[in-house]
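**Q** need coordinates for the below:
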Amino acid sequence: MKKIASISAFVLAASTIAYAQTAPFDMSGEREQGSTPMVPRLTLPAAPAPATVPQTSVAPTSPAPSATSATPPFSMAPASPSPAPAPSPAASPAQAEPPRPQSAAPVGPAPAEAPPPVRQRTADALQRFVIPFTKFGLDGEYDRKSWSVYITPEQAAAPAKFNFSYQNAVVVAPEASELTVLLNNRIVGQQQIGSSDAPSNVSFDVPAGLLQPGANLLTFEATQRHRTDCTVQSTYELWSDIDPAKTYLSFSGQEAAKFSSTDAIRAIGVDETGRTQFNFVVPALQQPGTTKPLLRLAQGLAVLSGMPNQTFSFSPSSLPQPGAGRMTVVVGTPAELQPVITPPPAAQTAPSASFVTDPKSGAPILLISGPSWPAISSAIDTIVSPTDRPATAVRDTLATQRWSAPDAPLVLSDTNLTFSQLGVKTAEFSGRRFRTNFNIGVPSDFYANAYGDATVLLDAAYTQNILPGSHIDIYVNGNIASTVPISSTGGGIFRHLPIRVTMRHFKPGLNTLSLEAILMTKEDEVCVPGTTAGAAPRFALFDTSEIHIPDFARIGQRPNLAGLSGTAYPYNRATQPTPLFIDMIDSDTLSATATLLGRMAVAAGRPLDMEPAATPGAIGERDAIFIGSISQMPAAVLTQLNIATTSQASWQPPAATQSNQTEPSVSFDDWRSKVSGGVWRGQITSFQEWLRRNFDISLSSLQFVPGSEEVFTPSNAESFLIAQGKSAAGGSTWTVVTAPSANDLREGAEALTAQVNWPQVAGHITTYSSKTGKIVSVPVGRFDFVTSQPWSISNYRLIAANWLSTNILSYAFLLVVLSLLIGVTTAGMLSRLGRRE
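**A** As a prediction, the model looks like this:
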């Protein structure tokens, strides 16, 4: 028993010692009683200054840093305060950092650095944000997007770096995925895509002389493959998002921030959210004679910059805060500008338009002054006149290069365009879903949506691995327009393969077409590990492919908000000043007016000649625009455009604190419809959907005469409205832009004119809700034709073909009448001719 007791005591003592040693062994000395236990501390390095970024540096993506790294990814330091050894005088800042322990585990990309400050210029560098979108990403197995960035001569001469931050989907395979950045078609950065855990910051040196004064083409290209899946569906899971707030060109030196001439207006660029803002400071803002030159200046600046998301604001006094993508414009006589800024002495005697430096912030300010407002108008003309173009002049392209390069060609008649002209490059593809996009513009009097067909003449090739069931699809503005199956085996080459593309989804202005190839192989069905990253090309698209657009019917329509958003129709064709009725000259209303007219000027390709009208009676029988709050809008104008006049008092969007829920109402009529007609009504609706889906037939096409327009009453959930209709005598087009209040008017104009929303303006009425961001269009029920081209038999034949294609009963009736006429004529002729008994 003694022996057993001795063994038990020994085992118990050993267990106690082992339990006491579970904590790591500490050689830093004893800690005080009750102190916090020592825990390894994660210390992130500070973001390096732009001047110390290596030639090609990426936020750490490798397990261990190189010997020349400026800062380690992180350091493990004890939490207890201990004196750090002083670095030697010759040690560099990087050498003074605590060394990374050799036993540290590999880490992923370091978190992205904090967003750069809103201010555009720093002490020794200028940052130019370059992404003109609020959100920007590259999707699928192959994606390529290009646009131009305008660079001043001072910026082109300065040393530059390109910086961006990105994060990708976790299913993207880094070993087979690559992100490429090109400037002026030259690769400046290329790397594997491997930043799924956290955003990675990337910096590249821009080679000297690569950036040129003027427009410079910037391209992002991504090739992505899935880690484990080989299906076509898996390609929709691939994405790489690039942060606009951390994507910019940085220029060294003070000279890069200077604007030497008014041509630098084109270089305003965007802010960290992809927006461009012109801030006007006009002490004489509410004087009647200042409205016309200010609106002309706003349109000229919008056309010069060409940016997709532009807004304008007006203030009578203080200078706004400068920043990236913002330009301050000060307008007034020297006497008016004294409380704001000191104008140059030359402005006392002559018109003056130049950039000056803000004495407080050091930012450039566009100062326009003169001894009187007629002189100021002359100074404004020196800036805006380069953008003027006669209303009768025909342009060849739509300006899109600031957000989608190249500019979209404007097709007016029978035309053949090669893919190389449309910006599509020859490409070889080894994946499962290939997609590329290009833009085409059509005029505002386009009228071929019911019968027209374009033709894509495809030059492409595919290998013998491609299985039947693969296909090539053509999309127009996101809608499927044509599908061509690949039914043969053994590979093949398409040489000008004709693919008919319906023009039903074309609209006036800009149209985006997409070509997508869905490729299936036996290897993908098996999906052996490693085959997702196969590099052997399966498909090739050649830039010698063409698209042929035939002659189409051309005649204007009234109303047609799609023409307004596409090319600013009908105001882009006006040869005389267009009356503009503004209910009140205040900051919000004038800001909304300038933002809307600036967007229309970009669509028209030139500033529109507007003439402010004091009263609606002074407009007469002319094309006109009415802008203001609903309560100040002339009731006769609302009635003419079928907008309920009761909305002047009832249209009040609820405040944010108010509840949108109301008590439900129950009536006998509701239950009567549910009991007696509910079943039949549901069956009729289902039948209508079946006809529309299978035969493209709707009730609107099964009527001889279009029904009358219903009176529209905006709901309180909507905060902005734009409507179009004919004038009182029916010979002109009136457009109303209104909202419940001036503040709603400004917010709605800024939201609806954004590039992502502006193409949705269509139909007879378009509304916008600031609460939900939803845009709703009321289709046109009855419209009038407006002659836009000289009379010709061929054009009227095409117009008749499109009209009869949309009015089936009228077409059937005419067909029956013509058949009867032919029968009667034939019977009459046979009764007089031939042998008789």
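**Q** the helices in the stretch 101-250 of the chain, which residues?
**A** For the stretch 101-250 of the chain, applying DSSP state H, counting those that start in this stretch gives helices covering 153-157.
**Q** residue 716 and residue 768: what is the separation?
**A** Using CB to CB, to the nearest Å, residue 716 is found at 14 Å from residue 768. C-betas here are computed from N, CA, C, even on glycine.
**Q** neighbour count winner among those two?
**A** Neighbour count, other CB atoms under 10 Å: between residue 716 and residue 768, residue 768 has more, with 24 against 16.
**Q** find the nearest non-adjacent residue to that one, please.
**A** Once flanking residues are discounted, residue 768 sits nearest to residue 720: 4.2 Å by CB to CB, 6 or more residues apart in numbering.
**Q** pretty sure the one you found sits against residue 767.
**A** Yes. Between residue 720 and residue 767 there is a contact under CB atoms under 8 Å: 6.7 Å.
**Q** these two: who's more crowded?
**A** Set residue 720 next to residue 767 and count neighbours by other CB under 10 Å: residue 720 wins out with 26 against 22.
**Q** who are the contact partners of that one?
**A** By CB atoms under 8 Å, 6 or more residues apart in numbering, the contact set of residue 720 is 738-739, 744-745, 747-749, 751-752, 767-770.
**Q** try residue 825
**A** Per CB under 8 Å, 6+ apart, neighbours of residue 825: none.
**Q** quick check: the residue nearest to residue 768 vs residue 755, distance?
**A** 17 Å.
**Q** which strand residues bridge residue 479?
**A** For residue 479, the beta-bridge partners under DSSP bridges are residue 476.
**Q** returning to that earlier point: ok, so of the contacts of residue 720, who is nearest residue 130?
**A** Checking the contacts of residue 720 against residue 130 by CB to CB gives residue 751 as the nearest, at 23.3 Å.
**Q** did I read that right, that closest one in a helix?
**A** Yes. Assigned with DSSP: H, G, I helix; E, B strand; the rest coil, residue 751 falls within a helix.
**Q** look at it and say how many residues are nearby.
**A** Using other CB under 10 Å, residue 751 has 20 neighbouring residues.
**Q** same check, this time on residue 232
**A** Using other CB under 10 Å, the number of residues around residue 232 comes to 16.
**Q** swap in residue 288?
**A** Counted with other CB under 10 Å, the neighbours of residue 288 add up to 9.
**Q** might you report the residue contacts of it?
**A** Per CB under 8 Å, 6+ apart, neighbours of residue 288: 585, 612.
**Q** residue 618 versus that one, what's the distance?
**A** As judged by CB to CB, residue 288 and residue 618 stand 13 Å apart.
**Q** for residue 305, same thing?
**A** To residue 618, residue 305 is 33 Å away according to CB to CB.
**Q** neighbour count: these two, which is higher?
**A** Using other CB under 10 Å as the criterion, residue 305 and residue 618 rank with residue 305 on top: 23 against 13.
**Q** which ones are touching the residue nearest to that one when sequence neighbours are not counted?
**A** Once flanking residues are discounted, residue 305 sits nearest to residue 268: 5.1 Å by CB to CB, 6+ apart. Residues in contact with residue 268 (CB under 8 Å, 6+ apart) are 276, 278, 305, 307, 325, 326, 327.
**Q** tell me the confidence at residue 268?
**A** For residue 268, the pLDDT comes out at 94.
**Q** for it, phi and psi?
**A** Main-chain torsions, residue 268, degrees, to the nearest 10: phi -60, psi -40.
**Q** and for residue 507, the neighbour number?
**A** For residue 507, the neighbour count with other CB under 10 Å is 20.
**Q** from residue 183, how far out is it?
**A** Plainly put, residue 507 is 33 Å away from residue 183 if you go by CB to CB.
**Q** can you list the domains in the protein?
**A** Domain segmentation of the chain under automatic domain parsing yields 127-257, 263-387, 402-555, 557-651+692-786, 793-832.
**Q** mind listing the helices for the stretch 451-600 of the chain?
**A** Taking DSSP H, counting those that start in this stretch as the test, the helices found in the stretch 451-600 of the chain are 522-526, 561-567, 587-604.
**Q** would you turn these into JSON lines with distance to residue 151?
**A** Formatted as JSON lines, the helices of the stretch 451-600 of the chain follow (distance: least, CB to CB, whole Å):
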{"stretch": "helix 522-526", "distance to residue 151": "44"}
{"stretch": "helix 561-567", "distance to residue 151": "29"}
{"stretch": "helix 587-604", "distance to residue 151": "21"}
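**Q** which one of these lies closest to residue 686?
**A** The closest of these to residue 686 is helix 561-567. By CB to CB, the value is 29.7 Å.
**Q** so what's residue 241 up against?
**A** Residue 241 neighbours (CB under 8 Å, 6+ apart): 135, 136, 137, 166, 167, 168.
**Q** what number of residues lie near the third one?
**A** Other residues lying near residue 137 total 18 when counted by other CB under 10 Å.
**Q** so what's it bridging to?
**A** As for beta bridges, residue 137 partners with residue 241 under DSSP bridges.
**Q** for residue 131, see how far away it is.
**A** On the measure of CB to CB, residue 137 and residue 131 end up 10 Å apart.
**Q** show me the common contact partners of the two, please.
**A** Here residue 137 and residue 131 share the contacting residues residue 242, scored by CB under 8 Å, 6+ apart.
**Q** and residue 637, backbone torsions?
**A** phi -70, psi -40.
**Q** counting neighbours, what do you get for the closest residue to residue 521 other than its chain neighbours?
**A** Nearest non-adjacent residue to residue 521, counting by CB to CB, 6+ apart: residue 465, 4.5 Å away. For residue 465, the count of nearby residues is 17 (other CB under 10 Å).
**Q** which ones are touching residue 465?
**A** Contacts of residue 465 were listed using CB under 8 Å, 6+ apart, and they are 491, 521, 522, 523, 538.
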